[in-house]
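1. 3D, please:
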Amino acid sequence: MMKQENPWTDRFGPALTDVQIRERVRVDARPLEDLTKLPAEQAVTALGERLAQVFVPTAQVVSVLAGFVGMARAYSTSAFPSMGHYVRQIYQAQSGEASRLPTCLTGLAGVGKSELLKALAKVMPEDAELCVPGHSGLRATSLLSFVMQSQVGAPGVLRQRTVQGWADLPRGGLNAHNIYRDGVSLMTADEFQAVTAGGSANAVATKTLLQMAQVGPPLVYCANYSLVHSLLKRPQQDRQRLLSNSVIIHPEAPDSDDWRTTLAELSKVAPRVIRIDPERDAGDIHGYTAGIKRSVIALLSTAYRLARASGRDHFGMVEIQQAYASAEYWTHRSDVEELTRQALGNSGRGRRAPLDLVCPFPGARLPQKVVVADKMIESYEDRLNEEHLRSSLTRDEREGLKARVVAPTAKKASASVTRLPRRGSRKDELLAGQADFLSDLRR
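-> Numbering: from 1, shown residues only. From the prediction side, this is the model:
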């Protein structure tokens with residue numbers, strides 16, 4: 001017996017391999033030409049924008065994308081078993097399947113969650129016209145993307161991505177019947193942190209997400225840690241519905257191939273300007289950024305600004321070290337230091353860590369935490385080494401440093417002379433000492 005065609009499942013075709021997913025979603029660096037001919041601030045802006053366009057699909061990104069496509073394929077198989085079933089359903093008042101639990105895609109701000117959702121569109125089936133006997137103008141749309149946009153005086157407005165851009169939803173909001181008619185197999189929602197401000201913010205987010213989950217297709221919503229912590233304050237039934245299925249995107253490990261590949265691709269944006277060695281410098285740059293891409297872009301852009309201000313048309317690790325200690329990078333640096341404390345298992349001096357930097361799922365900590373912590377310790381020790389940092393100081397800063405730092409002796413002290421403090425105290429003092437040192441540099 002010949003198998004009947006099913007356009008809703010056939011559109012997926014054979015499952016994509018990891019290599020095929022990488023090829024579809026990667027966005028290679030587009031080198032900037034004549035960057036040094038631009039005015040300094042214009043050149044810095046151009047560099048940052050071009051760096052942000054690069055997308056390197058790491059192993060965890062590829063795995064997550066494959067999982068989301070699998071969810072969509074499974075839903076299409078069950079919701080659209082045959083042409084006859086589809087025709088009967090579109091004449092029903094309520095079409096599609098019962099609501100299902102949404103999937104929370106979370107991670108640190110700037111780690112690449114929104115980029116991942118954009119990449120998802122490249123591995124989902126393209127929209128196509130449906131050939132349904134006795135019907136015309138029907139289309140199969142595999143993916144619907146939404147964004148929560150904040151507005152003055154309002155908690156947020158849900159909008160849908162269209163060919164022309166983001167557009168307001170039709171009156172009445174999402175319609176389960178129409179979404180089934182259009183063959184939607186997966187929905188995504190981004191920027192829900194736009195509704196986290198205000199006393200009733202988590203109630204607004206909860207209501208919106210639950211309404212979207214009841215439409216039918218699987219829902220993947222993107223949330224920073226801060227939003228997840230807000231949702232954890234909801235009643236038990238809401239927590240179970242919204243947070244039972246969670247996917248966490250972690251920064252790449254400092255010694256991973258994916259991290260080195262990311263740095264190598266970013267440096268191709270301006271190879272004559274960005275003079276780093278991804279193999280040699282991967283650990284140090286990770287220590288300055290915690291592996292967060294947004295922080296990497298900010299660090300490189302700040303280093304280039306400092307280089308241009310000093311009359312140079314390129315930068316390397318000396319300028320990157322200066323950028324890390326600069327006022328412009330302060331926000332990112334404070335986050336990096338807090339994340340380092342967490343990796344070292346020491347939140348420090350009785351203070352509570354900011355919730356937007358704390359993973360809300362204790363059982364889903366970074367798998368390579370021990371490796372990351374060891375690398376961070378090495379990185380901080382290097383940065384606090386006087387001779388290592390001295391090369392990044394101006395003459396005035398070096399003169400000021402002499403009043404605080406005692407010159408090292410030529411002979412190393414024996415390891416048996418001084419008793420080392422316990423490990424936890426050393427880690428905390430290491431970070432506190434670095435903070436004091438950087439504070440002095442900015443005076």
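2. residue ranges with poor pLDDT in the protein?
-> Low-confidence regions of the chain, defined by pLDDT under 70, span residues 1-3, 93-99, 150-157, 162-173, 194-202, 346-351, 363-443.
3. what about the longest helix in it?
-> helix 59-79 (DSSP state H).
4. ok, residues contacting the very next helix or strand once past that helix?
-> Beyond helix 59-79 on the C-terminal side, the first helix or strand identified by DSSP states H and E is helix 83-89. By CB atoms under 8 Å, 6 or more residues apart in numbering, the surrounding residues in contact with helix 83-89 are Gln4, Glu5, Asn6, Trp8, Phe80, Ser95, Gly96, Val132, Pro133, Gly134, His135, Tyr180. Every C-beta, even on glycine, is put in place using the N, C-alpha and C of the backbone.
5. Try it again at 10 Å.
-> With contact meaning CB atoms under 10 Å, 6 or more residues apart in numbering, helix 83-89 is reached by 4-8, 79-80, 82, 95-97, 130-135, 138, 140, 177, 180-181, 183.
6. which parts of it are buried?
-> Of the residues in helix 83-89, Met83, Tyr86, Gln89 count as buried by neighbour count, 16 or more other CB atoms under 10 Å.
7. From these, pick the one nearest Pro57.
-> Proximity of those to Pro57 (CB to CB) peaks at Tyr86, which lies at 33.8 Å.
8. For the closest one, give its distance to Trp8.
-> Using CB to CB, to the nearest Å, Tyr86 is found at 7 Å from Trp8.
9. cool, and His314?
-> Taking CB to CB, one finds His314 at 53 Å from Trp8.
10. Looking at those two, which one has more neighbours?
-> Applying other CB atoms under 10 Å to His314 and Trp8 shows that Trp8 carries more neighbours, namely 23 against 17.
11. Contact partners for the nearest residue to that one once chain neighbours are set aside?
-> Of all residues not flanking Trp8 in the chain, Phe80 sits nearest, at 3.6 Å (CB to CB, 6 or more residues apart in numbering). Residues near Phe80 by CB under 10 Å, 6+ apart: Asn6, Pro7, Trp8, Thr9, Tyr86, Gln89, Gly96, Ala140, Tyr180, Gly183, Ser185.
12. hmm, 7 Å instead?
-> Neighbouring residues of Phe80 by CB atoms under 7 Å, 6 or more residues apart in numbering: Asn6, Trp8, Thr9, Tyr86, Gly183.
13. Pipe these into CSV and attach secondary structure per row.
-> CSV is the format used below for the contacts of Phe80 (DSSP: H, G, I helix; E, B strand; the rest coil):
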residue, secondary structure
Asn6, coil
Trp8, helix
Thr9, helix
Tyr86, helix
Gly183, coil
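14. out of the residues you listed, who's nearest Val123?
-> Within these, the smallest distance to Val123 is 16.2 Å, found for Thr9 (CB to CB).
15. Pretty sure that closest one sits against Ala74.
-> No: at 9.8 Å, Thr9 and Ala74 do not qualify as touching, with contact defined as CB atoms under 7 Å.
16. So which of those two has more stuff around it?
-> When Thr9 and Ala74 are compared for neighbours, Thr9 comes out ahead with 18 against 13, by other CB under 10 Å.
17. Could you count how many residues lie near the closest residue in space to Arg161 that isn't next to it in sequence?
-> Among residues not flanking Arg161 along the chain, Ser145 sits closest, at 4.1 Å (CB to CB, 6+ apart). Neighbourhood size, Ser145 [other CB under 10 Å]: 20.
18. do you know how far the residue nearest to Trp8 is from Pro102?
-> Phe80 sits 20 Å away from Pro102, going by CB to CB.
19. and if you look at Phe12?
-> Look at Phe12 and Pro102: by CB to CB, they are 21 Å apart.
20. okay, these two: which has more neighbours?
-> Using other CB under 10 Å as the criterion, Phe12 and Pro102 rank with Pro102 on top: 23 against 18.
21. correct me, but that one touches Thr208?
-> No: counting by CB under 7 Å, Thr208 is not a contact partner of Pro102; they are 10.9 Å apart.
22. Mind listing what's buried along the helix or strand encompassing Ile320?
-> Using DSSP H and E, Ile320 falls within helix 317-324. Of the residues in helix 317-324, Met317, Glu319, Ile320, Gln321, Gln322, Ala323, Tyr324 count as buried by neighbour count, 16+ other CB under 10 Å.
23. tell me what that helix is packed against?
-> Contact here means 3 or more CB pairs under 7 Å, 6 or more residues apart in numbering; DSSP states H and E; on that basis helix 317-324 packs against helix 278-289, helix 293-309.
24. most tightly surrounded among the ones you listed?
-> helix 293-309 (a mean of 22; mean count of other CB atoms under 10 Å).
25. Now tell me what touches that one from outside.
-> Contact partners of helix 293-309, identified using CB under 7 Å, 6+ apart, comprise 40, 43-44, 47-48, 51-52, 110-112, 266, 273-274, 285, 288-289, 314-315, 319-320, 322-324, 326, 328-329, 332, 336.
26. tilt between that helix and helix 278-289?
-> Put simply, helix 293-309 runs at 100 degrees to helix 278-289, going by axes from the mean of the first three to the mean of the last three CA atoms, to 10 degrees.
27. what's near enough to touch the closest residue to Lys268 other than its chain neighbours?
-> In space, and not counting its chain neighbours, Lys268 is closest to Ala29: 3.8 Å by CB to CB, 6+ apart. Residues in contact with Ala29 (CB under 7 Å, 6+ apart) are Val54, Glu265, Leu266, Lys268, Val269.
28. got a winner among those residues for most neighbours?
-> Counting neighbours by other CB under 10 Å, Val269 leads the contacts of Ala29 with 25 neighbours.
29. what's near enough to touch that residue?
-> For Val269, the contact set (CB under 7 Å, 6+ apart) comprises Ala29, Pro31, Leu32, Leu47, Arg50, Leu51, Val54.
30. Just send those residues back as a markdown table, with secondary structure and distance to Phe192 too.
-> What follows is the contacts of Val269, written out as a markdown table (DSSP: H, G, I helix; E, B strand; the rest coil; distance: CB to CB, whole Å):
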| residue | secondary structure | distance to Phe192 |
| --- | --- | --- |
| Ala29 | coil | 30 |
| Pro31 | coil | 36 |
| Leu32 | coil | 34 |
| Leu47 | helix | 30 |
| Arg50 | helix | 28 |
| Leu51 | helix | 26 |
| Val54 | coil | 25 |
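31. ok, of those, which come out buried?
-> For these, a neighbour count by 16+ other CB under 10 Å gives the buried set as Ala29, Leu32, Leu47, Arg50, Leu51, Val54.
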